[in-house]
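Enquirer: sequence first, predicted coordinates after that:
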Amino acid sequence: MSAMLQFEGMLMDHQVHLANRNAQEWEAYARDLERQLEESEGANASNLGVRYALAEQLRRVDPENPLLVDEQLRNRLIEAAELAFFLEDKNFDAARQVGLTFDIPGRPSGD
C-alpha cells in the first residue's frame, strides 16, 4: 500500500472518529434538552394545579373578583407578565413582580 493510500486511510479514520464523537455530543445534548423539557412540564403542571386551587379559593370568598370574571383583564396580566419575563432576559422574578403590582380595578393596589 502506498504512503498516499495509508495517509488517506488515516484521514478517513480520523474523520469517522470526529463524526462519531460529534454525534455522541449531540445525543448527550438532546438527552439534556429532553430532561429540561420534562422538568419544565412538571413545573408547569404544578403551577397550573396551584393556580386553579387559588382561583377556586378566591371564587369561594369573592366570586365577582375581576380576576375570575374578566377574561380581558386576565389576558392583559398574562401578556404583561410574559413581556416582563422576556424583557428581563427570562427572569421569573420580573413576571412575579408584575403579578404583585398589577392593578386590579376596584381592588386595593399590590404596591
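Expert: On my side now, so go ahead.
Enquirer: how far off centre is the longest helix anywhere in the chain?
Expert: Taking DSSP state H as the criterion, the chain has its longest helix at helix 3-61. The chain centre lies 14 Å from the centre of helix 3-61; the measure is C-alpha atoms, centre = their mean, to the nearest Å.
Enquirer: tell me what the helix or strand bottoming out on mean pLDDT in the chain is packed against?
Expert: When the helices and strands of the chain are scored by mean pLDDT, DSSP states H and E, helix 3-61 comes last with a mean of 93. Packed against helix 3-61 by the contact rule (3 or more C-beta pairs under 8 Å, 6 or more residues apart in numbering; DSSP states H and E) you find helix 66-69. All C-beta spots, glycine's among them, are computed from the backbone N, C-alpha and C.
Enquirer: export the helix it packs on to PDB, keeping only CA atoms.
Expert: Taking Å, rounded to 0.1, in the frame of the first residue of the first chain, the C-alpha atoms of helix 66-69 are listed here in PDB:
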ATOM      1  CA  PRO A  66     -62.300  40.700  38.400                       C
ATOM      2  CA  LEU A  67     -59.500  38.100  38.100                       C
ATOM      3  CA  LEU A  68     -62.200  35.500  37.900                       C
ATOM      4  CA  VAL A  69     -64.800  37.200  35.700                       C
END
